[in-house]
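> Build me a model from this:
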Amino acid sequence: MPEQTSIDFIPLEDQPFGAQVRLPSYTNNPAELNDEDFQKLKEGLMTYSVLVVPNQENLSPDSQHSLTVRFDPTTSTGYGHDPKLFHSSNSILAKDGRSVPTRPEVQMVGNGSFEAGHEGMKAFTLEHPTHFTFHKDVLNKEEVARGQTRFYRWHIDAALYALAPPVVTTLLGLIVPNKNEKQRIVYEDTKEEKEVVKGATAFASGRIAFELLSDKDKEFALNHTVVYAPHPYIFINNCKATSDGLTIESEEPPKEVPLDNLPQWEESKVKKLPLVWTNPVTKKPHLQVHGCCVYQLINTKTGEVVAELEDARKIVHKLMRPAISPQHIYCHGWNTGDLCIFHNRGVIHSVTGEFEPHEQRLMHQCNVASGEDPVLLQH
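Purely as a prediction, here's the structure:
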């Protein structure tokens, strides 16, 4: 077989987007790509949205961090969230990860108990996010016994306050479920089903989301801006999500933390981001919104508020729902050593899977706050 001298991409078979990466023969570490091959990797990511690099079980946290940082020259290299807020007991993200001691920008996520020794850690426990703690209406015991699961929370990796959303997230599978273990997602509104490998990470394309909109909704999306709540993950800490994980159920009395009771915040640091972001390589528009953290929608040109909290959630749900239909999403079933690199400004993603407390799953996740907010170019 001839030596592979340059990076190559193999589109994922029977999937709406995504590709597997074949590294050049001079390295098995994607962080060590030469400038020419890294540029191809970056362009490939913007083109395919999700890249899978197999056999990376020996990738160190330092290498994962340096690779992640390399995608964004504007980054300060710091984690995509304020660590104090991310791990705050008043945040819905509090249980979502533990920092690698020697490289805190890399988070350990997963499930189960682990002995001391992993990356300098003492014995530690991880808890897989479950819809039972986050959705307003949950699956019953019989549905779970039949192998049902849910999309936990569709989201963009981003603090959505003060810090600009990361360009890229890297996710490395170290201990993963057996790929023969399958679970099912049942769409309550259409009764469609999607079979997924247990613990699969689901991805939905912002490009496809925009293309699926009616002309009227495209016009709306192109001309409106999302205002995110200050400290959004604390703002919704007491709230529950819709059963598809796309947004939050608005309840009476309201469960959101009053703005006056949030940690100190500044109006200038509240994130106001376009509903549609432009892909820097393909120039395609991507409908990109974190539906659980939405606070208002405003007219981009006038600054007029066109939808407050409850209506803003309903509008965002309507816009995004078609993109998470079974035929439009890619659900990555993990192999040990898979490194998923995804364009965090081009897709939204969600955890899936129901795990027992004793079951082990271990992953390393890294994203870094950008120095610049995403933009919508003129179309």
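> quick one: contacts for residue 365?
Contact analysis of residue 365 by C-beta atoms under 8 Å, 6 or more residues apart in numbering lists 97, 106, 107, 108, 109, 169, 170, 171, 172. Where C-beta positions appear, they are placed from N, C-alpha and C, glycine not excepted.
> Which strands border the helix or strand harbouring it, and is each parallel or antiparallel?
Assigned by DSSP states H and E, residue 365 belongs to strand 361-367. With DSSP bridges as the test, strand 361-367 is paired with strand 103-114 (antiparallel), strand 168-175 (antiparallel).
> For the contacts of residue 365, work out which two are farthest apart.
108 and 169 (14.5 Å; C-beta to C-beta).
> Can you give me the domain assignment for this structure?
Taking automatic domain parsing as the reference, the chain has its domains at 8-206+326-367, 207-322.
> got those domains as CSV, with mean pLDDT and distance to residue 377 columns?
As requested, these are arranged in CSV below (pLDDT from 0 to 100; distance: least, C-beta to C-beta, whole Å):
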stretch, mean pLDDT, distance to residue 377
domain 8-206+326-367, 94, 13
domain 207-322, 97, 4
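> Among the ones you listed, which comes closest to residue 374?
domain 207-322 (4.2 Å).
> end-to-end on that closest one?
End-to-end distance for domain 207-322, by C-alpha to C-alpha, to the nearest Å: 12 Å.
> Residue 349: neighbouring residues, count only.
24 (other C-beta atoms under 10 Å).
> Just confirm it is within a strand.
Yes - according to DSSP: H, G, I helix; E, B strand; the rest coil, residue 349 belongs to a strand.
> for the helix or strand containing residue 277, the distance to its chain's centre please.
Assessed by DSSP H and E, residue 277 sits inside strand 276-278. On the basis of C-alpha atoms, centre = their mean, to the nearest Å, strand 276-278 sits 16 Å off its chain's mean C-alpha point.
> Partner strands of that strand, with direction?
Strand 276-278 is paired, per DSSP bridges, with strand 285-287 (antiparallel).
> How far away from the center of its chain is the strand it pairs with?
16 Å.
> can you list the residues that contact the helix or strand that comes right after that strand?
Next along the chain after strand 285-287, taking DSSP H and E as the criterion, comes strand 294-299. Strand 294-299 is contacted by residues 223-229, 232, 235, 247, 272, 275, 304-309, 311-313, 315-316 when judged by C-beta under 8 Å, 6+ apart.
> ok so, going back, kindly reformat the domains of the chain as JSON lines containing distance to residue 373.
Formatted as JSON lines, these follow (distance: least, C-beta to C-beta, whole Å):
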{"stretch": "domain 8-206+326-367", "distance to residue 373": "5"}
{"stretch": "domain 207-322", "distance to residue 373": "6"}
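> how about those domains, which one is nearest residue 375?
Here domain 207-322 is closest among the domains of the chain (C-beta to C-beta), at 6.5 Å.
> what's the offset of the closest one from the middle of its chain?
Distance, centroid of domain 207-322 to centroid of chain: 15 Å (C-alpha atoms, centre = their mean).
> Contact partners for the residue nearest to residue 222 when sequence neighbours are not counted?
Nearest non-adjacent residue to residue 222, counting by C-beta to C-beta, 6 or more residues apart in numbering: residue 276, 5.5 Å away. Counting by C-beta under 8 Å, 6+ apart, residue 276 touches 210, 221, 222, 285, 286, 287, 288, 376.
> and the gap between residue 276 and residue 348?
Distance, residue 276 to residue 348, using C-beta to C-beta, to the nearest Å: 13 Å.
> okay, and the common contacts of these two?
Contacts common to residue 276 and residue 348, judged by C-beta under 8 Å, 6+ apart, are residue 288.
> just to revisit the earlier point, output the strand holding residue 365 as PDB, nothing but the C-alphas.
The C-alpha trace of strand 361-367 is given here as PDB (Å, rounded to 0.1, in the frame of the first residue of the first chain):
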ATOM      1  CA  ARG A 361     -17.500   5.800  30.700                       C
ATOM      2  CA  LEU A 362     -14.600   8.200  30.400                       C
ATOM      3  CA  MET A 363     -14.000  11.000  27.900                       C
ATOM      4  CA  HIS A 364     -11.700  14.000  27.600                       C
ATOM      5  CA  GLN A 365     -13.400  17.200  26.300                       C
ATOM      6  CA  CYS A 366     -11.700  20.500  25.400                       C
ATOM      7  CA  ASN A 367     -12.900  23.800  24.000                       C
END
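> Compute the first-to-last residue distance for stretch 176-192.
End-to-end distance (C-alpha to C-alpha), stretch 176-192: 27 Å.
> do stretch 276-295 as well
For stretch 276-295, by C-alpha to C-alpha, the gap between its terminal residues amounts to 17 Å.
> which element is residue 43 on?
helix 35-48.
> partners of the helix or strand following that helix, with directions?
Counting by DSSP H and E, the next helix or strand C-terminal to helix 35-48 is strand 50-53. Taking DSSP bridges as the criterion, strand 50-53 sits next to strand 19-22 (parallel), strand 339-343 (antiparallel) in its sheet.
> Among those strands, show me which one is buried the most.
strand 339-343 (a mean of 25; mean count of other C-beta atoms under 10 Å).
> Name the residues that touch that one?
21, 30, 41, 45-46, 49-54, 56, 59, 64, 67, 167-173, 201, 203, 279, 332, 349.
> Mind doing that once more with 7 Å?
The contact list for strand 339-343, computed with C-beta atoms under 7 Å, 6 or more residues apart in numbering, reads 45-46, 49-53, 56, 59, 168-172, 201, 203, 332, 349.
> from the chain's centre, how far out does stretch 198-217 sit?
Using C-alpha atoms, centre = their mean, the offset of stretch 198-217 from its chain centre is 13 Å.
> Buried residues of that stretch, list them for me.
Buried positions in stretch 198-217, judged by neighbour count with 16 or more other C-beta atoms under 10 Å: 198-213, 217.
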